[in-house]
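# Sequence plus predicted model, see below.
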Amino acid sequence: MQKHTGLPQAFADLGVEVRFLKAIGKMNFVDPSDIQLQMIPRGLEGRDILGQAQTGTGKTAAFGLPILQQIDPAGRLQALCLAPTRELAVQVTGELKRIAEFANLRIVAVYGGQKVATQLHLLGHKPHFVVGTPGRVMDFMRRGVLQIARVRFVVLDEVDRMLDIGFRDDIREILSQATGEHQTIFVSATIDDEIKRLAQRFAHNPVDIDVSQDRLTVADVDQSYVTVDAWDKFRLLKLLLKQEDPPVAIVFCNTKAGARKLAKRLHGAGVNAKEIHGDLVQQKREHVMDRFRKHQIKVLVATDLAARGIDVNSISHIINYDIPPDSEVYVHRIGRTARMGAEGVAITLVTSEQGKELTNIEKLINLEIVERTIDGFKPSTPREELQEAQAPPPLSRFETPVFSNGEAAPAKLPRRTLGSRFRPARGRRRL
Ligand code: AMP
């Protein structure tokens, strides 16, 4: 086999051409990841693929390299990749552009939230490869400015998430319009019956590639959980952030409102934190992500959807402020750290009522998550916490309760009785 001095030989051995070896060498790729080892040769053979791989395993290059290499630079639009979110679409486009740096190919992202006119302009440059979210892709198809009938490559990235978000019908419609002969690649962190059905209908005898088995969570992630009462979560998080002092962390919340509130409280407590969730306008999201990438923001408070496609390699800590209701979401979340073999820490806050969720996660990842305690943390009763966090605002002149003798009555805290039911999650789960 021909030797390519100074270029990543292991990729050359898979059949990658010099124009791409130069680019990935520049990106510091030396050895292919598991998914790349399996997917690149099959992709280059022209096989349809159903690939199971989680975020951070190098899946973009795994489908990107074989497709980019097969594109004819003299031709028109040849490849379409659908992605669930704008962040992922932008991230994938960025990665493909880096890979194609010396290949003279035009790659364009189309996604909701950015001006249609801007993207129309980009489409006018006759891209070879379009990466987009299904909604915007459909929009452009209906306007007649994006014709996919003759594309030669179709990729569905994070297809499980696209289905979760409700892109089912859009995906079906888009795929059914790619009527010319083409190679189809599905990539998904999890593969269920619905994805299999889609693959059977739209892919031709796909080869199954699964690098997720036995390591559903990245092995290098140091995973633990802390048992905490709901009313103590914020105090515990503050202490945790102080003690761990993570250089780059994502704190996950289950809801947009929760993320907004938490970011505000952290900010108020002097933590360099910012929120990212679906309610922020696109420009603001991009601005936050840009600052996070440059390490100008230490703690990103995120919801799951907004965090899809966060392309920051050096995330040191994932903190699940809210344990995800769905175990697979846990896998997605912690896949944000320990990318490409780096070490990462994942800590999950669990209340005594959430033992079942924790057990479900452990079953899925086939691993016991260890419990840890936070030095110096003293659980409070809900009453103390109420006094600390919600010290009642001074009553207005009109609201001040007054005794019949004219003296003001002392303000009372509402009665709460939650404290007596506290039980550590682990103990409860073993009942
Ligand atoms: P992905 O799973 O495609 O989101 O990739 C995660 C990150 O790993 C990206 O920043 C890639 O540039 C990087 N990456 C992908 N493949 C390799 C490789 N073989 N060696 C080193 N880094 C890689």
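Right, received. Where do you want to start? Quantities reported herein were computed from a predicted structural model and do not represent experimental measurements.
# quick one: residue 155 is in a strand?
Yes: assigned with DSSP: H, G, I helix; E, B strand; the rest coil, residue 155 falls within a strand.
# Could I get the full set of helices for the stretch 101-250 of the chain?
Secondary structure of the stretch 101-250 of the chain by DSSP state H, counting those that start in this stretch: the helices cover 116-123, 134-143, 159-165, 168-177, 193-202, 233-244.
# Burial-wise, tell me which of those helices comes out on top.
Mean neighbours per residue, mean count of other C-beta atoms under 10 Å, is largest over those for helix 159-165, with a mean of 21. Any C-beta I mention is one placed from the backbone N, CA and C, and that applies to glycine too.
# Quickly check: that one near the ligand or not.
No: Helix 159-165 lies out of reach of the ligand by C-beta under 6 Å from any ligand atom, never closer than 13.4 Å.
# Give me the contacts around that helix.
Applying C-beta atoms under 8 Å, 6 or more residues apart in numbering, the external contacts of helix 159-165 come out as 82-85, 134, 156, 171, 186-192, 194-195, 198, 305, 308, 328, 332.
# repeat that for 7 Å
Helix 159-165 has contacts (C-beta atoms under 7 Å, 6 or more residues apart in numbering) with 82, 84, 134, 156, 171, 186-190, 194-195, 308.
# likewise stretch 246-262?
Residues from elsewhere that reach stretch 246-262 (C-beta under 7 Å, 6+ apart): 275, 277-279, 295, 298-304, 307, 312, 314-322, 324-325, 333, 336.
# Any chance of a PyMOL selection covering the buried ones in the residues you listed?
Of the contacts of stretch 246-262, the buried ones can be selected in PyMOL as follows, counting by 16 or more other C-beta atoms under 10 Å:
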select buried, resi 275+277+298+299+300+301+302+303+304+307+312+315+316+317+318+319+320+321+322+324+333+336
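# now, which of the contacts of stretch 246-262 lie within strands?
Among the contacts of stretch 246-262, the members falling in strands (DSSP state E) are 275, 299-302, 317-320.
# can you name the two of the residues you listed that are farthest apart?
Maximum pairwise distance among those (C-beta to C-beta): 16.8 Å, between 275 and 317.
# circling back to that earlier point, closest one to the ligand out of the ones in strands among the contacts of stretch 246-262, please.
Nearest to the ligand among those, counting by C-beta to the nearest ligand atom, is residue 318 at 15.3 Å.
# so how many other residues sit close to the nearest residue to that closest one once chain neighbours are set aside?
Once flanking residues are discounted, residue 318 sits nearest to residue 346: 4.4 Å by C-beta to C-beta, 6 or more residues apart in numbering. Look at residue 346: counted by other C-beta atoms under 10 Å, it has 25 neighbours.
# Check the secondary structure at residue 346 for me.
When classified by three-state DSSP, residue 346 comes out as strand.
# if I read this right, it contacts residue 316, doesn't it?
No: using C-beta atoms under 7 Å, residue 346 is not in contact with residue 316; the gap is 10.3 Å.
# Common neighbours of the two, please.
In contact with both residue 346 and residue 316: residue 337, using C-beta under 7 Å, 6+ apart.
# domain ranges for the chain?
Domain segmentation of the chain under automatic domain parsing yields 9-210, 221-375.
# What is the distance between the last one and the centre of its chain?
What that stands for is domain 221-375. Centroid displacement of domain 221-375 relative to its chain, using C-alpha atoms, centre = their mean, to the nearest Å, is 11 Å.
# try the longest one
Here domain 9-210 is found 17 Å from its chain centre; the criterion is C-alpha atoms, centre = their mean.
# Residue 290: neighbour count?
11.
# so how far is residue 144 from it?
For residue 290, the distance to residue 144 (C-beta to C-beta, to the nearest Å) stands at 34 Å.
# returning to what we had before: now tell me which of the domains of the chain the model trusts least on average.
Mean pLDDT values for the domains of the chain show the minimum at domain 221-375, a mean of 87.
# nearest to residue 357, of the helices of the stretch 101-250 of the chain?
Closest among the helices of the stretch 101-250 of the chain, using C-beta to C-beta: helix 233-244, at 14.8 Å.
# Give me the residues contacting the closest one.
226, 228, 265, 269, 271, 299, 317, 319, 321, 347, 349, 374-377.
# one more time with 8 Å, if that's ok
With C-beta under 8 Å, 6+ apart as the contact definition, helix 233-244 has outside contacts at 226, 228, 249, 251, 262, 265-266, 269, 271, 299, 317, 319, 321, 345, 347, 349, 351, 374-377, 380, 385, 388-389.
# Now which of those would you call buried?
The neighbour count (16+ other C-beta under 10 Å) marks 226, 228, 249, 251, 262, 265-266, 271, 299, 317, 319, 321, 345, 347, 349, 351, 374, 377, 380, 385 as buried among the contacts of helix 233-244.
# do you know how far the closest residue to residue 354 other than its chain neighbours is from residue 373?
In space, and not counting its chain neighbours, residue 354 is closest to residue 323: 5.2 Å by C-beta to C-beta, 6+ apart. According to C-beta to C-beta, residue 323 stands 17 Å off from residue 373.
# And the two? Which one has more around it.
residue 323 (22 against 9).
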